[in-house]
Structures are given as structure tokens and as C-alpha cells.
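Asks: All I have is the shape, not the residue letters:
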């Protein structure tokens, strides 16, 4: 079920309407609600908590970027004038007695730093000023807030923070709130506030809404984490029914505009499907020509024509209002995906040209020395393997297709809509590929039964399953992949081969050879040189050497094939470090996204995965998983 935030009322509320909505909505805890206020402010209550974040514009018009620092929280009140403030007084006066203890958390902008002075550790002006009443209830929140704000300074530096608990050192905005409660402070009301230096505000206010976008984004995300940890300490103080995690205090509801942004990005990602368009459609004919020419004349590859105009698709992409998303976590995901889609469009536009390799490096990176060294070690350790030996009892494409349908049927027994089926494509090379939920394979694809099982767990048990599970989430990007998800996803897929008992020595040799081939290609090796290195130098069969070289040199140089080994290292390291498996199957993500995934789970924006991979239940899988948990090296993960 999608948690969609309500649309604000079309007209501001007055005190009488506020009271009516308040008694029906807030008192019965039927939030979320969002109300426009008489002076232009906003009240947003995602749920009813014993706290409220508050900002008041000092001049009646918002200071650039300040109100937005709390607009992604679950309970906030933004005031632009005295009529708004009077409603704040009514709200706090009603909520505080309900909870016994209630925190009003206030933010404001500190006076500008005098010319010649600076904030942070290198200057004498604090980036943040924490103001707190002297109260045992606030000691923990102040400590958490201080620790969090230390990480929020300009340029990522540790912040200089001033803490005031004596009333004669409080800031003017603090006293303005004092005046609201001259007739008596509600019982149980606690107050905590933060003044913030304007290091994120632009000297050219007509541009970017008056803020420097990157520093403002970073501060907003960092302040949100620090604030929720402080509110968590306050909310759980002496409580027998503690909230399970500080991120559970974040908003559950998401605006319809935000969901639309997600859906539009996912739609563009589906249209791109770049692997289909950079995979040659004449692989078998190219191999025949390469063989007949004595393996000394590079093959010519042909590619599918693009069904879209790259410039027009970019125009559509850039119209998506990523920067207007209120939720800091989702905004970060959307921005990263938007940048990746831009790079993928460039990659497809430049397929077959000299510009393709730089675009590929931007998307997938190159080969770090440590990864190349690991690959060379694997190749040396397994150098005695005879890659030219034909495996016995290989299954043909039609048999593999039948096995794939049987694997899909396993999942369809509980989820009839799982997957888009299986298809043998005549133009496909001899391998598997999942494209938009369908498993594609070339007519020349062969595999032993053990390798077939392993490869189907790779393609169906990871790629197809995470695509399906992502479709069950309100966040559709999980089905097509967050930005830069592929390395970790491919690592999990190779790990699935091991858990299924089919990760062979030769498979590891292929993954390692791909890394070396990509590294050499980046340094200028030609197709013929790569082929010779693989066949004559490493002992791969001519067909296998051609296949690896084709994958690496397609389009003009695709560096993606190096991420299988690096992704496997990352996946093994994550699990050996105690990482849980359940979030991994929710959709397509990188390891760096897991903290955001966990946050969105705590906030109940996302749901646990609908399906679990079957390979986790295969014979021997539990024991193999324990081997990974114990930190086993890659060379110990083979089955022959």
C-alpha cells in the first residue's frame, strides 16, 4: 500500500477551522494532515509524536533555504507571521498535556559572519548554536544533536558548535517564542533549538532559490539525521514502549509529486535498457569471419538501432523535477539515478565511436590495481585448468529454456505474475540476459546441468526476482535499479551461483580474465591483442576468448565486465561483516544504498521483499552461506 501524503487545503485555515480540524484529525490521531496557515506558513503532521519542528521567518518572508531544512520531517510548523504563531500556541497547548512531555524544536538563521571571519574549526565563529533549557530530559537529546551536527559543517568539515543553556545567551528567535506563552507555558513543554550559519545561502539570491544547491542538500540530509537521533532520545526517555529505531521517526507519507518523479525516472530507465543496445546482433557471423581471417582481422559488430532520439529523451529526463522532492533520502536516490540515466543515454548515443569508452568509464569505472592483482592471482592459481576441454553432458538451448520455465514456475506458484517468460533469440550470443523481466538466451547457449542451475539462480533467482520484488514496492526505481547498483547486484548473482553449488573454477577464471581484459583494453589493447592474450596467454578456447573479447570491446570498449569480480568481493565482505540478507532481495541497489533502504523500512515507506530466492533453500546452501559468513576467500568458493 502506498503511503501518499495529503494535498494541502486550497485556503488557509483560521482559528475556528483549525480547532475543528484539530479535534477531528489530530486528537483522534488520524494524521497525516497538511494545512496552509493564514500568514502563508504550513503545518504538516505525518503522525502525532511528542515533538514538533518549528521555524518562523523573522521578516514575514522566508529566508532562503532555512524552512526547507525541516520540511522533510514528520511533524513541522513553518510560520510566516503572528496569525500563524497563534495557531502554534493552540497546537502546542493541546498536544503537550496529551503526552506529559512535549518538545518544541526550533531552528533559525544566525547573523551573517563578519567579513574576514569564518566558521568551523579553522575560524572563530560557530557553524551551529544549540540553545537548550536546563533539563535532565534534554541532556541526551543535546548530546545526540551535538554529535550529529559535528558532521554537518561546510565542505564536509567538522563543525564548531556553541551550546547555550543560560537565558542571557539565548538568541532573539528564542525569545519570540517565549512571548507566545506569556500567559503560561503548557505543562510538560520542553524547548530545544539550533541557530544555523548561512554558509549554504548564495550571494546571488536570484539563482537556485537563493542557496548553493550542493551545500544546502548536504546540510539538509545531515541535519535530518542529527535531528531524528535527538528526537529519538527525547521520545524514548523513560518509555517502556520505546520506538524501535531513530529512523522510525521519519515521515511515512510521501507526496504524490514524489511518487510521480519516481515513476517517470523508472519509465525512462525501462526505455534505455542499454545492455540490449550495446550487445552486437551479429555475434555468430562475426565469429565466423574472425575465424576465417585467421584471427588477425578485428571483427565488425552491428547493433540494434535506438528506438528513441537521445536528445529528446534527455529533454524528457531533465524535465523531471528531482530538485523539488521534499524527502532528503528520496531526493538523493532520484538525483543519483537521474545522473546515471544521463550517462547511459550518452553511452548509447556514442555506441561505436571513440567517445564510448570515456562514457563507459564514467558509468562503471576502470580497474583498480588491487582488483587487477586479485584477478591475476586467481588466473595464476587456476592456470592448470584446461579451458579447451569440452564439458560432458551439456544441455542445449531448448533444454535450458525448459529449465528456465520450471524455475519461473516455482515462483509463480505463489506469485502468478512473476517474470515475463523466456525466449530464445536468434540474434543473441551464447549466453543469458534478463531484459525488463524476460530471460533471453541465444540459440547456441550450452551448459552442464550444474552450471545451468547456477546460471538460472544468477539470472532468475537474483536479476528477475529483484526486478519483480521491486515492482511490488511503491518505489518503482527498485525494480529497474538505483543509480550505480549493478556491481553489487552482479556480485550477489555470482554469489547465488556458489550457493546453488555451481560456481566452478573455470567460471572464476572467466571473471578474472574479464578484469584483465578490461584493464588492457583501457590501456589501448586492440580486439586482436585481447583475443591473443586470452587464448595464447591464458589458455582459453578460441570461442571463449572471442566471447570475452567481444564483451569487453563491444560498443567501443565496455568496462562493465570488471564489476562481476569486484561486486562478488563486495557482496562477500558485506555478509562476512554480519550484513542481513533480507534487504538484498527487495530490489536492485548498491551496498551504499542499504542505509537508505533500512531507513525507508523503519519509516514504513517500503515493505519487506515479497519473494525470497529459491537458492537459499537448495541442498547445501545453508552450509555454503555459513562459509561466506566465516570470511572464506574467493578461491575456496568453487565446486570443481
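Replies: Yep, that arrived. Just so it is clear, the structure is predicted and the values come from calculations on it, not from any experiment. Numbering: from 1, shown residues only.
Asks: which residues in the stretch 301-450 of the chain form strands?
Replies: Secondary structure of the stretch 301-450 of the chain (DSSP state E, counting those that start in this stretch): strands located at 422-424, 432-435, 438-441.
Asks: strand partners of the last one, parallel vs antiparallel please.
Replies: Spelled out, it's strand 438-441. strand 422-424 (parallel), strand 432-435 (antiparallel) (DSSP bridges).
Asks: Quick one, which of the strands of the stretch 301-450 of the chain gets closest to residue 188.
Replies: Of all the strands of the stretch 301-450 of the chain, strand 432-435 sits nearest to residue 188, with 56.4 Å by CB to CB. For every residue, glycine as well, the C-beta is placed using N, CA and C.
Asks: ok now that closest one, how far from the chain's centre?
Replies: 23 Å (CA atoms, centre = their mean, to the nearest Å).
Asks: I'd like the numbering to begin with 44 instead of 1 from here.
Replies: Noted, 44 is the first residue going forward, which turns the last one into strand 475-478.
Asks: Quick one: mean pLDDT for it?
Replies: Across strand 475-478, the average pLDDT comes to 91.
Asks: buried ones in it?
Replies: Using 16 or more other CB atoms under 10 Å as the test for burial, strand 475-478 gives 475-478.
Asks: Need those in CSV (columns: distance to residue 577).
Replies: Shown next, in CSV, are those (distance: CB to CB, whole Å):
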residue, distance to residue 577
475, 21
476, 21
477, 26
478, 27
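Asks: Could you identify the most distant pair in the residues you listed?
Replies: By the measure CB to CB, 475 and 478 form the most distant pair in these, at 10.4 Å.
Asks: Residue 404 touches residue 561, doesn't it?
Replies: No - using CB atoms under 8 Å, residue 404 makes no contact with residue 561, being 10.1 Å away.
Asks: if we can go back for a sec, closest to residue 269 out of the strands paired with strand 481-484?
Replies: Per CB to CB, nearest to residue 269 of these: strand 475-478, 40.7 Å.
Asks: Need the residues that contact the closest one.
Replies: Applying CB atoms under 8 Å, 6 or more residues apart in numbering, the contact partners of strand 475-478 are 316, 318-319, 322, 482-484, 488, 498-499, 501-503, 506-507, 510.
Asks: at 7 Å instead, please
Replies: 316, 318-319, 482-484, 488, 498, 502, 506-507 (CB atoms under 7 Å, 6 or more residues apart in numbering).
Asks: Now, the residues you listed that are in helices?
Replies: If you go by DSSP state H, those have 318-319, 498 in helices.
Asks: Export the strands paired with strand 481-484 to CSV and append columns for distance to residue 453.
Replies: Below are the strands paired with strand 481-484 laid out as CSV (distance: least, CB to CB, whole Å):
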stretch, distance to residue 453
strand 465-467, 13
strand 475-478, 16
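Asks: quick revisit: show me how to select, in ChimeraX, the buried members of the ones in helices among the contacts of strand 475-478.
Replies: Only the buried entries of the ones in helices among the contacts of strand 475-478 go into this ChimeraX selection, using 16+ other CB under 10 Å:
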select :319,498
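Asks: any idea which of the ones in helices among the contacts of strand 475-478 is closest to residue 672?
Replies: Among the ones in helices among the contacts of strand 475-478, residue 498 lies closest to residue 672 (CB to CB), at 24.2 Å.
Asks: Am I right that residue 307 is in contact with residue 363?
Replies: Yes - counting by CB atoms under 7 Å, residue 363 is a contact partner of residue 307 at 5.0 Å.
Asks: contact partners of the strand or helix carrying residue 267?
Replies: Per DSSP states H and E: residue 267 is located in helix 256-278. Contact with helix 256-278 is made by 92-94, 108, 111-112, 115-116, 146, 148, 180, 183-184, 187-188, 191-192, 194-195, 197, 242-243, 286, 289-290, 292-293, 371, 375, as judged by CB under 7 Å, 6+ apart.
Asks: what do you get for stretch 182-192?
Replies: The contact list for stretch 182-192, computed with CB under 7 Å, 6+ apart, reads 171, 173, 175, 202, 204, 206, 235, 268-269, 272-273, 276-277, 280.
Asks: now swap in stretch 135-147 and tell me
Replies: By CB under 7 Å, 6+ apart, stretch 135-147 touches 65, 93-95, 97, 180, 229-235, 277.
Asks: Drop anything exposed from these.
Replies: The neighbour-count criterion (16+ other CB under 10 Å) marks 65, 93-95, 97, 180, 231-235, 277 among the contacts of stretch 135-147 as buried.
Asks: helix or strand right after the helix or strand of the chain with the lowest mean pLDDT?
Replies: Of all helical and strand segments in the chain, the minimum by mean pLDDT, DSSP states H and E falls on helix 58-64, at a mean of 58. Sequence-wise, the next helix or strand downstream of helix 58-64 (DSSP H and E) is strand 76-79.
Asks: Report the buried residues of that following strand.
Replies: For strand 76-79, by 16+ other CB under 10 Å, it's 76-79.
Asks: Looking at the residues you listed, spot the one nearest residue 493.
Replies: residue 77 (57.0 Å).
Asks: Quick one: the strands in the stretch 494-643 of the chain, in order.
Replies: Going by DSSP E, counting those that start in this stretch, the stretch 494-643 of the chain shows no strands.
Asks: Tell me, how many residues neighbour residue 204?
Replies: 18 (other CB atoms under 10 Å).
Asks: bridging residues for it?
Replies: Residue 204 has the following beta-bridge partners by DSSP bridges: residue 171.
Asks: still on that earlier bit, distance to residue 566 added to the strands of the stretch 344-493 of the chain, as TSV?
Replies: What follows is the strands of the stretch 344-493 of the chain, written out as TSV (distance: least, CB to CB, whole Å):
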stretch	distance to residue 566
strand 465-467	37
strand 475-478	28
strand 481-484	32
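Asks: and of the ones you listed, who's closest to residue 522?
Replies: Across those, residue 522 has its closest neighbour in strand 475-478 (11.9 Å, CB to CB).
Asks: From residue 218, how far off is the residue lying farthest from the centre of the chain?
Replies: Largest separation from the mean C-alpha position in the chain: residue 226, at 48.8 Å (CA atoms, centre = their mean). As judged by CB to CB, to the nearest Å, residue 226 and residue 218 stand 16 Å apart.
Asks: ditto for residue 615
Replies: Distance, residue 615 to residue 218, using CB to CB: 57 Å.
Asks: Those two: which is more packed in?
Replies: Remark: of residue 615 and residue 218, residue 615 carries more neighbours, 23 against 10, as counted by other CB under 10 Å.
Asks: Once you drop chain neighbours, what's closest to that one?
Replies: Distances taken as CB to CB, 6 or more residues apart in numbering place residue 671 nearest to residue 615, at 5.8 Å, with adjacent residues excluded.
Asks: Let me know the secondary structure of the one you found.
Replies: Assigned with DSSP: H, G, I helix; E, B strand; the rest coil, residue 671 falls in the helix class.
Asks: quick one: residue 374 and residue 367, what's the gap?
Replies: Taken as CB to CB, the span from residue 374 to residue 367 is 9 Å.
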